[in-house]
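[1] I need the structure of the sequence given here:
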Amino acid sequence: MEIKMPIKIPNDLPAVKILNEENIFVMTETRAISQDIRPLKILLLNLMPKKIETETQLSRLLGNSPLQVDLEFIHTKSHKSKNTSAEHLFTFYKTFDDVKHRTFDGMIITGAPVEQMEFSEVEYWDELCEIMEWTKTHVHSTFHICWGAQAGLYYHYGIKKYPLDKKLFGIFPHRVDYKKSILFRGFDDTFMVPQSRHTTVKAEDIKKVKELKILASSPEAGVYAISTKHGKQIFITGHSEYDSDTLAQEYFRDLNEGKEIEIPKNYFPDDNPKNTPVISWRAHANLLYSNWLNYFVYQTTPYDIEKIK
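    Okay, the predicted model is just below:
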């Protein structure tokens, strides 16, 4: 008999209906009360403008695992969201002040559309620094995405980001550089990753930091995955969580706003924006998050969550 453990999210979160229709096992808070299982406590700091979209994308990946995950959301109090209603934030989100007395098995820090600004110019930078410092003693493993990865590398290790000549935009082939990495266990020699950014970090800067190891990279897109020795901190420069149409939305948005934007690489069939994109990264995205949950959270986190340090 096949047994699947679901992700637990708030009863009325918009993602519940979407994921149920996709046959992703979702457990509402009401059902979870009757379960006598210690779920993995995962905290998501959502810095993306379209928070509902990001909630759904990451809930989908975390829910496709045999482990029960209790997912909670926080947002920055020092920034007022323009794209997500105050009602949604009030209903489903907490702030750092609400959770900083607790410990978590894992945490995800998302990207944000602020990469062309200096870190210190970002409205919520001081608050984010406080959160990243807190993760060192209150979270077993922290998973940073895109600008969140750049912010983490800069805060923890002083690694700078550099502007690209033009936006890195599309789906790019990547390779596993460190073959013994259990984060990439089961991966093909080449795997595809969505990228959408104006800045990058340099491999030579990362290699100077003895605590860090480059796990995967791309000849065209650069460094993709970096980790500390035991995975306390993981940094991912791409957007493996993206939906099939996310890059299309970004492309047409910029086009409509009159911005200079190239067609995303390896995305639209025949490079024709009228054609429906073909997903080439979903299997590896699911494996990436499943490996993180299993090897870096579940198998090494203390059963007594208060012992996390």
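[2] Helices along the stretch 151-300 of the chain, start to end?
    203-207, 246-256, 282-291 (DSSP state H, counting those that start in this stretch).
[3] Show me the shaky parts of this protein.
    Applying pLDDT under 70 to the chain flags the ranges 1-9, 11, 19, 22-37.
[4] hey, which of the helices of the stretch 151-300 of the chain is tucked in deepest?
    Mean neighbours per residue, mean count of other CB atoms under 10 Å, is largest over these for helix 282-291, with a mean of 20. All C-beta atoms are positioned from the backbone trio N, CA, C, and that covers glycine.
[5] Correct me if wrong: Thr95 contacts Ser78.
    No: judged on CB atoms under 8 Å, Thr95 makes no contact with Ser78 at a distance of 9.3 Å.
[6] Grab the nearest non-local neighbour of His140.
    Closest residue to His140 in three dimensions, ignoring its sequence neighbours and counting by CB to CB, 6 or more residues apart in numbering: Thr301, at 4.4 Å.
[7] Contact partners for that neighbour?
    Contact criterion CB atoms under 8 Å, 6 or more residues apart in numbering gives Leu40, Asp105, Gly106, His140, Ser141, Ile308 as the residues in contact with Thr301.
[8] repeat that with 7 Å
    Counting by CB atoms under 7 Å, 6 or more residues apart in numbering, Thr301 touches Asp105, His140, Ile308.
[9] could I get the residues you listed as CSV with neighbour count, distance to Glu115 and secondary structure?
    Below are the contacts of Thr301 laid out as CSV (neighbours: other CB atoms under 10 Å; distance: CB to CB, whole Å; DSSP: H, G, I helix; E, B strand; the rest coil):
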residue, neighbour count, distance to Glu115, secondary structure
Asp105, 25, 28, strand
His140, 25, 27, strand
Ile308, 17, 30, coil
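[10] so which of the residues you listed comes closest to Leu89?
    Taking CB to CB as the measure, Leu89 sits nearest to Asp105 out of these, at 24.0 Å.
[11] so who does the closest one touch?
    Asp105 makes contacts with Leu40, Lys41, Ile42, His140, Val297, Thr301, Ile305, as judged by CB under 7 Å, 6+ apart.
[12] try Gly148
    For Gly148, the contacting residues are Leu47, Ile109, Thr110, Gly111, by CB under 7 Å, 6+ apart.
[13] how near is the residue lying closest to Arg102 once chain neighbours are set aside to His101?
    The spatially closest residue to Arg102, leaving aside those adjacent along the chain, is His138, at 7.1 Å (CB to CB, 6+ apart). His138 sits 9 Å away from His101, taking CB to CB, to the nearest Å as the criterion.
[14] Near Lys259, how many other residues are there?
    Applying other CB atoms under 10 Å, we find 9 residues neighbouring Lys259.
[15] Return the residues in contact with Asp243.
    By CB under 7 Å, 6+ apart, the contact set of Asp243 is Gln57.
[16] quick one: it and Lys50, what's the gap?
    Asp243 sits at a distance of 11 Å from Lys50 (criterion: CB to CB).
[17] Okay, helices next: where are they in the stretch 1-150 of the chain?
    Secondary structure of the stretch 1-150 of the chain (DSSP H, counting those that start in this stretch): helices located at 14-21, 29-32, 51-63, 86-92, 96-99, 125-138, 147-157.
[18] More neighbours: which of His138 and His101?
    Here His138 and His101 are compared on neighbour count by other CB under 10 Å; more neighbours surround His138, at 19 against 7.
[19] Settle this for me: the more buried one is touching Gly106, isn't it.
    No: counting by CB atoms under 7 Å, His138 does not reach Gly106; the two are 11.4 Å apart.
[20] all strands for this structure, in order.
    Ranges of strands in the chain, per DSSP state E, are 7-9, 26-28, 40-45, 69-74, 93-94, 104-109, 139-145, 162-176, 190-200, 212-218, 222-228, 233-236.
[21] List the contacts of the residue most central in space within the chain.
    The residue at the geometric middle of the chain, judged as the C-alpha nearest the mean C-alpha position with CA atoms, centre = their mean, is Ile145 (4.2 Å). Contacts were defined as CB under 7 Å, 6+ apart; by that measure Ile145 touches Ile108, Ile109, Thr110, Gly111, Ile236, His239.
[22] Could you rerun that using 6 Å?
    Going by CB atoms under 6 Å, 6 or more residues apart in numbering, Ile145 touches Thr110, Gly111, Ile236.
[23] can you check Thr200 too?
    Remark: with contacts taken as CB under 6 Å, 6+ apart, Thr200 is in contact with Tyr162, Leu164, Gly222.
[24] Next one: it from Ala225, what distance?
    As it turns out, when the distance is counted by CB to CB, Thr200 lies 14 Å from Ala225.
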